[in-house]
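Trainee: below are the sequence and a predicted model; questions follow.
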Amino acid sequence: MDQLAEAIPYLGKRNPKAARWLVIIIALVAPIIAMMFGRTWVRILDFALLYMMLALGLNLVVGFAGLLDLGYIAFYAVGAYTWAFLASPHFGVHFPFWAVLPLGAGFAALAGIILGFPVLRLRGDYLAIVTLGFGEIVRIFMNNLNYPVNITNGPQGINALDSMNLFGWDLAKSLTIGDFQIHSLYFYYYFFLACVVGSIIFIQRLQISRVGRAWAAMRDDELAAKAIGINTRNLKLLAFSLGATFGGVAGGLFGSFQGFVSPESFSLMESIAVLTMVVFGGMGNIAGAVIGALILTALPEILRNIAVPVQETLFGHVILDPEVLRMLLLSLAMILMMLLRPGGLIPAHARYSRPELVGKGVRT
Amino acid sequence: MIKLLEARNIGKRFGGLTALSEVSLTIAKGEVYGLIGPNGAGKTTFFNVLTGAYIPDEGEFVFNGIELPVGKPHLVVEAGIARTFQNIRLFGQMTALENVMAGHHIRTKASVWGILTQNKHTREEERLTTERAYELLKYVGIERFADTVCKNLSYGDQRRLEIARALATEPQLLALDEPAAGMNATETTQLKALIEQIRHDGVTVLLIEHDVKLVMGLCDRLTVLDFGKKIAEDVPSVVQKNEAVINAYLGGGKHA
Ligand SMILES: Nc1ncnc2c1ncn2[C@@H]1O[C@H](COP(=O)(O)OP(=O)(O)OP(=O)(O)O)[C@@H](O)[C@H]1O
Ligand SMILES: [Mg+2]
């Protein structure tokens, strides 16, 4: 949170307290303002929050531990399919929310370790290619595990996932008090927001800890990290599995929010989109991941809402598909970033210590 | 004399090149032990096999009476051996303080769960790590740069930071690979005092150094390597007069 506040130009440095309140207020009123433009926009905000969780988790792997992972969306898939298997009519089982979400996170963490083991010795490009392959394998499994035994229902995906039921309170149901109706999208928003805030707090605590420092050490110089006694094998596995956990949770939320899952949501392009958010925002810092996710989720949607009607009035039909536009925008964002701000929108000046603990100043 | 480290018949080859062959030596607790020799003699390779960065082809190391694990650097550090690098290797994106704190990793225990919940043990450990890192920066004389990102430090200060980081692992044996390289005369004098202080505080030092004056002034005993072979081992005054050594190294004028 503080990092987010600090990232606000001018105000962040001059008046951190006001900046923090600003962040909180924006986070709280955003859906109300979005609703004025229509329900779609609240939905987009909800998705932005899910992408934030993904970006935060991937940032932990790529930005903190320095492990380039191009198959991250696989963990999102594991979380979403866990929900689909355990809480939908597909198998006829309906586990409660508080059981499915941790299970999805757990399975994703396990998948993270399974990915982690074979790639322990790889770095850079090689690591990127193997993780890319892993992501595709997971998607292809989801696509084809409908025969001989129908497990995933193949390309059609699984429908009618249970909605989130927080101890008797169904998030998918709008609440009506008298004439006043609170739309369910709001509930999702605040619940997802709570999840994102929780993730940020957890990740911030990790960053300023022996684990965060060991990751950073490994990222900056693996040989030297080993020479100070860091068990790089365990720390890499930990990074993969913890990163995957965030993906798994986000995946579960995504599945139930959307109500259905299908393999096409988990393509390589999604992995790349999340990575772009991390790099665009500023690798290795929490605020970067959050802002990157927000901008790169919202911008394509804004474009979609402008470009489609504009094309229709100009040419009578849609020439450039919105999905193509999104990719175009992501690539453009990357190219511009590389040219203008290689460090990302908010270049990392991540802290791994708290000198104030012993009454000393902060870094200069 | 109490034996701290014993190297037995260490051999290491890179393809056809024999970097080390039948190197045996014994380091006593509390001494400063020198390892010298011309370029390419195998000194750094000796450090690499000792600390587990490379796996020796022959021989073994015995530390405190226990055989050291092979090819497992973190276990070697845990056993009590720390090293610095000939070409400084710091963690570039961290401050000086954080580099030293990272060095304390192996002596701390906080789990992910402890970090998530910030329980009492974790908070106390974090505070102690921070405090200890400041003490070590002060110890090597760069406390004022605690909050400076380490790549902005001067060369000499980076070398000292690397020593502080190695000390943070709480070693019994500190292996320094050419700590004076690139230092000016003042910095070298300060370094000499620092190494003496480290020894005084009970840490045994294994020193690779080309600065003959520094080696002769600091070391209790030393080994001379040439083409991977040990050609002499004795106190500095005797080594200085050894003919083989003079031919291979000292008299050769390469670095002296
Ligand atoms: N990883 C490696 N692969 C191949 N050859 C190596 C490797 N490391 C060292 N060598 C070779 O082993 C020999 C000994 O090298 P080493 O670095 O141990 O010498 P040194 O005594 O430290 O020399 P200097 O004083 O220049 O640091 C050299 O010929 C070097 O080229
Ligand atoms: Mg060397």
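Mentor: That came through fine. Ligands and ions are numbered 1, 2, ... in the order given.

Trainee: now do the end-to-end distance for stretch A:169-177.
Mentor: The first and last residues of stretch A:169-177 sit 15 Å apart, counting by CA to CA, to the nearest Å.

Trainee: quick check: residues of the stretch 151-300 of chain A near chain B?
Mentor: A:202, A:205-206, A:208-211, A:213-214, A:216-217, A:219-221, A:223-232, A:238, A:242, A:284 (CB under 8 Å from any CB of the partner chain). Bear in mind the C-beta positions are built from the backbone N, C-alpha and C, glycine included.

Trainee: give me the buried entries from those.
Mentor: A:202, A:205-206, A:208-211, A:213-214, A:216-217, A:219-221, A:224-232, A:238, A:242, A:284 (16 or more other CB atoms under 10 Å in any protein chain shown).

Trainee: so of these, which ones are in helices?
Mentor: Here DSSP state H is the test, and these give A:202, A:205-206, A:210-211, A:213-214, A:216-217, A:219-220, A:224-227, A:232, A:238, A:242 as lying in helices.

Trainee: in the chain, what spans have low per-residue confidence?
Mentor: Just going to use chain A. Within chain A, the ranges that satisfy pLDDT under 70 run A:1-2, A:7, A:9-12, A:168, A:348, A:361-364.

Trainee: wait, chain B was what I had in mind.
Mentor: Looking at chain B by pLDDT under 70, you get B:250-256.

Trainee: looking at it, which helix is longest?
Mentor: Max-length helix for chain B by DSSP H is helix B:120-140.

Trainee: give me the contacts around it.
Mentor: A:208-210, A:353-355, A:357-358, A:360, B:96-98, B:100-101, B:103-104, B:108-110, B:114-115, B:143, B:145-146, B:160-161, B:163-164, B:167-168, B:194, B:197 (CB atoms under 8 Å, 6 or more residues apart in numbering or on different chains).

Trainee: and for stretch A:132-149?
Mentor: Counting by CB under 8 Å, 6+ apart, A:70-74, A:77-78, A:81, A:111, A:115, A:151-155, A:263, A:266-268, A:271 sit against stretch A:132-149.

Trainee: which parts of that stretch are buried?
Mentor: For stretch A:132-149, by 16+ other CB under 10 Å, it's A:Leu132, A:Phe134, A:Gly135, A:Glu136, A:Val138, A:Arg139, A:Met142, A:Asn143, A:Leu145.

Trainee: from the centroid of chain A, which residue is nearest?
Mentor: A:Leu54 (1.3 Å; CA atoms, centre = their mean).

Trainee: quick one, what contacts that residue?
Mentor: Counted by CB under 8 Å, 6+ apart, A:Leu54 has contacts A:Tyr72, A:Ile73, A:Tyr76, A:Phe246, A:Gly247, A:Ala250, A:Val274, A:Met277, A:Ala293.

Trainee: looking at these, spot the one nearest A:Leu50.
Mentor: Using CB to CB, A:Ala250 is the member of those that sits closest to A:Leu50, with 5.1 Å.

Trainee: now do the contacts for that closest one.
Mentor: Here A:Ala250 is in contact with A:Leu50, A:Tyr51, A:Met53, A:Leu54, A:Gly57, A:Tyr76, A:Gly79 (CB under 8 Å, 6+ apart).

Trainee: now those in TSV, with secondary structure?
Mentor: What follows is the contacts of A:Ala250, written out as TSV (DSSP: H, G, I helix; E, B strand; the rest coil):
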residue	secondary structure
A:Leu50	helix
A:Tyr51	helix
A:Met53	helix
A:Leu54	helix
A:Gly57	helix
A:Tyr76	helix
A:Gly79	helix
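
Trainee: can you give me the helices for the stretch 51-200 of chain B?
Mentor: Remark: helices assigned in the stretch 51-200 of chain B by DSSP state H, counting those that start in this stretch are B:73-79, B:96-103, B:112-117, B:120-140, B:155-167, B:185-200.

Trainee: tell me the contacts of the residue of chain A at minimum distance from chain B?
Mentor: Nearest to chain B, among the residues of chain A, is A:Gly229, at 3.2 Å (CB to the nearest CB). Residues counted as contacts of A:Gly229 (CB under 8 Å, 6+ apart) are B:Pro73, B:His74, B:Val77, B:Glu78, B:His105, B:Ile106, B:Thr169.

Trainee: highest neighbour count among those?
Mentor: B:Val77 (27 neighbours; other CB atoms under 10 Å in any protein chain shown).

Trainee: OK, contacts around it?
Mentor: With CB under 8 Å, 6+ apart, B:Val77 has these contacts: A:Ala227, A:Ile228, A:Gly229, B:Thr51, B:Ile106, B:Thr169, B:Pro171.

Trainee: from the residues you listed, which is closest to B:Gly30?
Mentor: B:Pro171 (13.4 Å).

Trainee: quick check: the closest one touching B:Ala79?
Mentor: No: in this structure, B:Pro171 is not within contact of B:Ala79 by CB atoms under 8 Å, at 9.1 Å.

Trainee: picking up where we left off before, ok, now how distant is the residue nearest to the centre of chain A from ligand 1?
Mentor: Distance from A:Leu54 to ligand 1, counting by CB to the nearest ligand atom, to the nearest Å: 40 Å.
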